[in-house]
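Enquirer: sequence first, predicted model second:
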Amino acid sequence: MNATATQFKAQARVLTRDLRHREVIHTALSKYEVVRDRTRSAFQDWDSARQAAAEIKWEAVNHLGEHLAQLVRNLEARGTQVHWASTAQQARDIILGIIRDKKARSIVKSKAMTSEEIHLNEALAEAGFEVVESDLGEFIVQLRKEPPYHIVFPAMHLSRGEISELFARELGSAPTQNPEELTMIARRVLRQKYITADVGFTGANFAIAETGMISITENEGNARLTAALPKVMITLLGIEKVLPRFEDLALFLPMLAAMGTGQALTCYNSMYGGPRQPGEADGPEEFHVVLLDNRRTELLADGEQRDALHCIRCGGCLNVCPIFRNIGGHTYHTTYSGPIGSVITPHLRGLQDWKHLSFASSLCGACTETCPVKINLHHHLLHNRRNASAQKPSVYEKAAFKLFGFVISRPWLYQAVKPVTRLLQRFHFLVKGTRLDPAYAWTQSRELPPIAPQTFKEYWRNRTAASAAARKQPS
Ligand code: SF4
């Protein structure tokens, strides 16, 4: 087992037994489920909406080249500077280059999972820049020097008490458990940062090819301030975020809000079409858009799993996943956690190093059932498992299946080994829980079901004999 898999297993084992952690996550997600279901039921026909969204994303991803070319043309027509980044390193270099060129010192950021993906904060801090996250959840995890716990709720693993203690320690505020007061503490710190920041950095929820616009949806207004106040705005987005038409937002914005936070629509929905134009009162003087590939085109080339690029990062599959709900977001050690993270991380970061994530699933299919763009998530986990073992077969597994095949295809041999399995099982129950138990590792986290007292053949034989005997009885 490689180091990432060992770390994953060790941390998962600890967290599944941490009842406090489970309670916090359970409370947060049960409230989410109630509002999500209420909002989904307000759609005239949720299933038709999902089908329409899946088809639009299919069109967007299967003609990605054309849509990207149109997006870039329209962005550039209004003075936006577009940059292409093939790798995370290239994206960091481009962003650092812009910041250095502007002789900027401080950067204010709104929520962007793509920036987590390229480890931007670390690169900026290393280069000596001050970078502040302005989304409340991101601000909290930044103070704790942690990555986001969830793609939509970065600080969902923390109680109010923990946030109060954190603010008291890091910001010198008075302890309080009142959510409004906690928000005001963060707001006072952040307002000052917007005013003094040289560069505003954002992610994007969608990019509209037809109009050359970047769509950002949020609830705190922090992305709007990040884009409006500093002189330079930089937006980093994955190339799969493109939608063909402006009208597609009429479906995707309410759908993302319903699945992400259970709202009918988020509080702020902004469109950015370029730097400040002559006669406009506000907006950045310079607008840069960085289009990130980072192995997305490799996923695009995979006809079987290409639909993983349809993801709109609503977080819905994480919320219903029994594994995520027990082990939490940090255990994955990836930018994207939960079912979608387990599907795409092996593509983005290497199949052999991250294949263990595809096994962290009960294959219950709840993720596939909930996904608003109908990504076949649990089947893709199976595809990853198959690909990983085809690429690097396990010697033990191969030997075990060879042996199994050899025995099962010879009925006389199968009959001969049957009593041995019964004996082994009896031995297992005798020494269960000790190192002598041949199934010790297996039964650490699950039960070994008992072998039936009789085989089907024995059962049938006995049943037929009993019916024959009954028929012989005089009536
Ligand atoms: S895979 Fe589907 S459910 Fe999961 S985050 Fe993406 S869009 Fe949402």
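Expert: Nice, thanks for sending it over. What you see is a predicted model; the values in this text were computed from it and never measured.

Enquirer: and the pLDDT at Thr39?
Expert: On pLDDT, Thr39 comes in at 95.

Enquirer: now do Ser475
Expert: For Ser475, the model assigns a pLDDT of 62.

Enquirer: which of the residues in stretch 175-191 are buried?
Expert: 176, 182, 185-186, 189-190 (16 or more other C-beta atoms under 10 Å). For glycine as for every other residue, the C-beta is placed from the backbone atoms N, C-alpha and C.

Enquirer: which one of those residues sits closest to the ligand?
Expert: Ala186 (26.1 Å; C-beta to the nearest ligand atom).

Enquirer: which parts of the stretch 201-350 of the chain sit against the ligand?
Expert: Neighbours of the ligand within the stretch 201-350 of the chain, by C-beta under 6 Å from any ligand atom: 259, 311-317, 340.

Enquirer: let's have the residues you listed in a markdown table, adding pLDDT.
Expert: As requested, those are exported to a markdown table (pLDDT from 0 to 100):
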| residue | pLDDT |
| --- | --- |
| Met259 | 97 |
| Cys311 | 98 |
| Ile312 | 98 |
| Arg313 | 97 |
| Cys314 | 97 |
| Gly315 | 97 |
| Gly316 | 97 |
| Cys317 | 97 |
| Ile340 | 98 |
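
Enquirer: tell me the one of these nearest Ala209?
Expert: If you rank these by distance to Ala209 using C-beta to C-beta, Ile312 comes first, at 15.9 Å.

Enquirer: wait, isn't the closest one in contact with Cys371?
Expert: No - the pair Ile312 / Cys371 is not scored as a contact, 9.3 Å apart, by C-beta atoms under 8 Å.

Enquirer: those two: who's more crowded?
Expert: Shown here are Ile312 and Cys371; by other C-beta atoms under 10 Å, Cys371 has more neighbours (25 against 22).

Enquirer: mind checking how far Glu397 is from Asn384?
Expert: 16 Å (C-beta to C-beta, to the nearest Å).

Enquirer: the nearest residue to Cys371 once chain neighbours are set aside: neighbour count?
Expert: Distances taken as C-beta to C-beta, 6 or more residues apart in numbering place Cys317 nearest to Cys371, at 5.7 Å, with adjacent residues excluded. Residues near Cys317, counting by other C-beta under 10 Å, number 27.

Enquirer: I'd like the next helix or strand past the strand or helix carrying Cys317.
Expert: If you go by DSSP states H and E, Cys317 is part of helix 316-320. Using DSSP H and E, the helix or strand that follows helix 316-320 towards the C-terminus is helix 322-327.

Enquirer: name the surrounding residues that touch the helix or strand that comes right after that next one.
Expert: Going down the chain from helix 322-327, the next helix or strand is helix 338-349, by DSSP H and E. Residues from elsewhere that reach helix 338-349 (C-beta atoms under 8 Å, 6 or more residues apart in numbering): 117, 151, 294-296, 298-299, 302, 305, 308, 311, 313, 315, 317-318, 321, 323-324, 329, 332, 334-336, 353-355, 357-358, 360-361, 367, 375, 377-378, 380-381, 384, 388.

Enquirer: can you check stretch 51-70 too?
Expert: 209-210, 212, 239-240, 242-244, 248, 251-252, 255, 291, 300, 306-307, 309-310, 312, 372-374.

Enquirer: what's the span of it, first residue to last?
Expert: One end of stretch 51-70 to the other measures 25 Å (C-alpha to C-alpha, to the nearest Å).

Enquirer: what's the answer for stretch 451-459, then?
Expert: Stretch 451-459 has an end-to-end distance of 14 Å (criterion: C-alpha to C-alpha).

Enquirer: mind checking the longest helix of the protein?
Expert: helix 19-41 (DSSP state H).

Enquirer: after that one comes which helix or strand?
Expert: As assigned by DSSP H and E, the chain's next helix or strand after helix 19-41 is helix 46-62.

Enquirer: separation between Cys317 and Pro275?
Expert: 36 Å.

Enquirer: what of Ile99?
Expert: Counting by C-beta to C-beta, the gap from Ile99 to Pro275 is 16 Å.

Enquirer: who has more neighbours out of the two?
Expert: Each of Ile99 and Pro275 has its neighbours counted (other C-beta under 10 Å); Ile99 has more, 22 against 19.

Enquirer: element containing the closest residue to the ligand within the stretch 101-250 of the chain, please.
Expert: For the stretch 101-250 of the chain, the residue closest to the ligand is Ile151, as judged by C-beta to the nearest ligand atom, at 6.7 Å. Ile151 belongs to no helix or strand when assigned by DSSP H and E.

Enquirer: the residue nearest to it when sequence neighbours are not counted: how many residues sit nearby?
Expert: What sits nearest to Ile151 in space, not counting adjacent residues and going by C-beta to C-beta, 6+ apart, is Gly315, at 4.9 Å. Other residues lying near Gly315 total 23 when counted by other C-beta under 10 Å.

Enquirer: strands along the stretch 51-200 of the chain, start to end?
Expert: Listed in chain order, the strands of the stretch 51-200 of the chain (DSSP state E, counting those that start in this stretch) span 81-85, 106-109, 130-133, 199-202.

Enquirer: what average pLDDT does the first one get?
Expert: So the one you mean is strand 81-85. Taken as a whole, strand 81-85 has a mean pLDDT of 98.

Enquirer: for it, buried residues please.
Expert: Within strand 81-85, the residues that count as buried by 16+ other C-beta under 10 Å are 82-83, 85.

Enquirer: what do you get for the third one?
Expert: Applying a neighbour-count criterion of 16+ other C-beta under 10 Å, the buried positions in strand 130-133 are 131-133.

Enquirer: now render these as TSV, adding distance to Leu430 and pLDDT.
Expert: Below are these laid out as TSV (distance: C-beta to C-beta, whole Å; pLDDT from 0 to 100):
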residue	distance to Leu430	pLDDT
Val131	61	96
Val132	62	96
Glu133	57	97
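
Enquirer: of the residues you listed, which are in range of the ligand?
Expert: Within these, nothing lies near the ligand by C-beta under 6 Å from any ligand atom.

Enquirer: of those residues, closest to Lys109?
Expert: Closest to Lys109, out of all of these and judged by C-beta to C-beta, is Glu133, at 5.4 Å.

Enquirer: check contacts around the residue lying closest to the closest one once chain neighbours are set aside.
Expert: Once flanking residues are discounted, Glu133 sits nearest to Gln142: 4.5 Å by C-beta to C-beta, 6+ apart. Gln142 makes contacts with 121, 132-133, as judged by C-beta under 8 Å, 6+ apart.

Enquirer: cool, thanks, talk later.
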